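Novice: Predicted coordinates and the sequence they were generated for:
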Amino acid sequence: MKRRHVLGALAAAVATGAVSRRAAATPTLRPPGALPPGEFEQACIGCARCAEVCPENAIRFGLGSWLSGGMPTLETNAAACTLCMKCPAVCPTGALLPCPPEAVHIGVPELTRPKCLPWRGEASCRLCYQVCPYPDRAVELVGPQAAPLFHAEACVGCGLCEVACPDRAKAIRIVPTKEPR
Amino acid sequence: MSCPPDSRAAQELRSGAGGGASLAMASGSHSLGLVHAVRSRLQPGDLVLRRSRRYTALRRLSLALSLALTVGAPLWQWHTRSALAPTTGPYGPVGAVSFFGVELIDPLATISVLAQHRLTLSLALTGLLGLLLTAFLGRFFCGWVCPYVPLLAATNALRSLLNKLGVSPPDLRLAPHTAVGVLIAVLVVGAFFGTQVWPLVYPPSLIGRELFQAVYFGGFGAGALVLLGALSFDTFISRAGFCRSLCPGGAMYRLIGAASPVTVRLDVPKCTSCTACDVICNLGQSPMTATVDEGCERCGKCVAVCPTDALSIGLRRKGARP
């Protein structure tokens, strides 16, 4: 092992530390307990243990944004997170940190009222309210048609509402949040 | 130390030793025929076969366990996952394995995350065992643990087949420090963009993710394309080229294990210069000339193939050439 190899390795280590920065990562739906966008991408090593233990198969590995292709996303349009909190327990690097279920912040709800049945006056659906783990906090029913009113600050982003919403409506979905709560 | 009497194989090779020099000039793939010729002359009672078999058996056991874990962990989790029951290990690919509470993260992951993220003591400790083992044993991970090994064996078998069919694939030998360049590139680019890039090009991580994808969703992701690229490179362009000259993990283990006291040792009086050891080495080392550097993965294939038992793996002798 020549001295120049050691110096080169040290230089690389210093360079890595010097240019290291928290980049403005594309907001993505991450598993519960995830570090804020930017920090998560620095810590996740793409080991897929979180996805392996998820009983709902809600954690998937899509192509992702470039350079973050090997990282997990929570696909609420496919399956919802039931807040069992097993994924932070198995994360080896702390990209997912254990937290109480109500402190989870996967994303925020985005309701498209023209699609929502009670808001259209077509039916008294109430399915999102019935499946929500935090009813009357994350979502409440208002008005004579019992239409849903979502409160992003109380919503954990689990996606149960998205899965429950009838196919002919599909009015509610969880979207990534722009800033950490 | 007195030399044991020449085995039948050694005697035959000595008589034919004049061809050794010209054989050394032959290209890597063709000379594998020499290895077969040497092996076929060994008799079951030869001492060299009994001793080297133990080493080979140990390594194959280690690789089998590693593969069982890599393939078994997603299968086990797939069958036992449940919201109510506690999660039991083992889980994780070999690069991030958890065995009933004991975490083992590979050094590349540990160093890359530590350099970018918070310096947590627990993360440093989980990577410590791998780091210490590599510092002492050299890049043993590549020869004893990496789940790419059976795939590499398949590419070598394919190359032999292609040779038999008359199509000789080239053996382009890139300089080993190309891998160091790849390592620095993925670390610096990753750090600059605030993300981990090496999982996209590091076979243990790729294989772990692709196996998860296969078990859980019956398909493959983009990582399979990178693996296919590496396999094609190893089959059609350069024998074991990815491990030898491209893998960033291999480069990291070479750097950490550069001062390893364990190496392949040559007993010069016993050597007949048959070049079988040089030919069988996947990583381009030259045990015959005692030129074995940090690129050696201590797989013991050279020890196993030597017909005169001139090679062994052990602590570096004082005064021996590095």
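Specialist: Good, I have the coordinates. Small disclaimer: the values here were computed from a predicted structure and weren't measured.

Novice: Which residue, neighbours along the chain excluded, lies closest to B:A96?
Specialist: Distances taken as CB to CB, 6 or more residues apart in numbering or on different chains put A:C47 closest to B:A96, at 3.8 Å, once the chain neighbours are dropped. Where C-beta positions appear, they are placed from N, C-alpha and C, glycine not excepted.

Novice: To clarify, my last question referred to B:P203.
Specialist: Using CB to CB, 6+ apart and skipping the chain neighbours, the partner closest in space to B:P203 is B:Y148 (4.0 Å).

Novice: and the one you found, how many residues sit next to it?
Specialist: 24 (other CB atoms under 10 Å in any protein chain shown).

Novice: same deal with A:V14?
Specialist: Counted with other CB under 10 Å, A:V14 comes out at 11.

Novice: Tell me if whichever strand or helix holds B:L114 is near chain A.
Specialist: Taking DSSP states H and E as the definition, one finds B:L114 inside helix B:107-116. Yes - applying CB under 8 Å from any CB of the partner chain, one finds helix B:107-116 in contact with chain A at B:A109, B:I111, B:S112, B:V113, B:A115, B:Q116.

Novice: Give the full set of residues in contact with the fourth one.
Specialist: Contact analysis of B:V113 by CB atoms under 8 Å, 6 or more residues apart in numbering or on different chains lists A:Q42, A:A43, A:I45, A:T93, B:L123, B:Q196.

Novice: farthest pair in those?
Specialist: B:L123 and B:Q196 (13.2 Å; CB to CB).

Novice: Quick check on the contacts of B:V113: which are buried?
Specialist: A:Q42, A:A43, A:I45, A:T93, B:L123, B:Q196 (16 or more other CB atoms under 10 Å in any protein chain shown).

Novice: Tabulate those residues (JSON lines), appending pLDDT, distance to B:L67 and secondary structure.
Specialist: Shown next, in JSON lines, are the buried ones among the contacts of B:V113 (pLDDT from 0 to 100; distance: CB to CB, whole Å; DSSP: H, G, I helix; E, B strand; the rest coil):
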{"residue": "A:Q42", "pLDDT": "87", "distance to B:L67": "31", "secondary structure": "helix"}
{"residue": "A:A43", "pLDDT": "89", "distance to B:L67": "28", "secondary structure": "helix"}
{"residue": "A:I45", "pLDDT": "89", "distance to B:L67": "20", "secondary structure": "coil"}
{"residue": "A:T93", "pLDDT": "87", "distance to B:L67": "24", "secondary structure": "coil"}
{"residue": "B:L123", "pLDDT": "74", "distance to B:L67": "26", "secondary structure": "helix"}
{"residue": "B:Q196", "pLDDT": "87", "distance to B:L67": "25", "secondary structure": "coil"}
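
Novice: Could you dump those into a markdown table and include distance to A:C99?
Specialist: As requested, the buried ones among the contacts of B:V113 are arranged in a markdown table below (distance: CB to CB, whole Å):
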| residue | distance to A:C99 |
| --- | --- |
| A:Q42 | 19 |
| A:A43 | 15 |
| A:I45 | 20 |
| A:T93 | 16 |
| B:L123 | 18 |
| B:Q196 | 22 |
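
Novice: Among these, which one lies nearest to B:L84?
Specialist: Nearest member of the buried ones among the contacts of B:V113 to B:L84, counting by CB to CB, is A:T93, at 26.6 Å.

Novice: which sections of chain A are below the confidence cut-off?
Specialist: A:1-6, A:8-9, A:20-25, A:63-69, A:179-181 (pLDDT under 70).

Novice: What segments of it are helices?
Specialist: Ranges of helices in chain A, per DSSP state H, are A:3-19, A:39-43, A:49-53, A:87-90, A:117-120, A:127-131, A:160-164.

Novice: ok, and which of these has the densest surroundings?
Specialist: helix A:49-53 (a mean of 26; mean count of other CB atoms under 10 Å in any protein chain shown).

Novice: For B:P170, list the residues it contacts.
Specialist: Neighbours of B:P170 in contact, by CB under 8 Å, 6+ apart: B:F236, B:I237, B:S238.

Novice: Among those residues, the buried ones, what's the PyMOL command?
Specialist: Buried residues within the contacts of B:P170, by 16+ other CB under 10 Å, are selected in PyMOL with:
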select buried, chain B and resi 236+238
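
Novice: Out of the contacts of B:P170, name the ones that lie in helices.
Specialist: Using DSSP H, no member of the contacts of B:P170 sits in helices.

Novice: By neighbour count, which of the residues of helix B:107-116 next to chain A wins?
Specialist: Neighbour counts for those (other CB under 10 Å) peak at B:A109, which has 28 neighbours.

Novice: Same list, the helices of chain A, but as a markdown table with distance to B:Q213 please.
Specialist: Below are the helices of chain A laid out as a markdown table (distance: least, CB to CB, whole Å):
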| stretch | distance to B:Q213 |
| --- | --- |
| helix A:3-19 | 29 |
| helix A:39-43 | 20 |
| helix A:49-53 | 9 |
| helix A:87-90 | 17 |
| helix A:117-120 | 36 |
| helix A:127-131 | 29 |
| helix A:160-164 | 22 |
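
Novice: Out of the ones you listed, flag the one nearest B:F212.
Specialist: Here helix A:49-53 is closest among the helices of chain A (CB to CB), at 5.9 Å.

Novice: ok now that closest one, how far from the chain's centre?
Specialist: Relative to its chain's centre, helix A:49-53 lies at 15 Å (CA atoms, centre = their mean, to the nearest Å).

Novice: Remind me what that helix packs against, helices and strands.
Specialist: Contacts defined by 3 or more CB pairs under 8 Å, 6 or more residues apart in numbering or on different chains; DSSP states H and E place helix A:49-53 against strand A:59-60, helix A:87-90, helix B:47-80, helix B:203-217.
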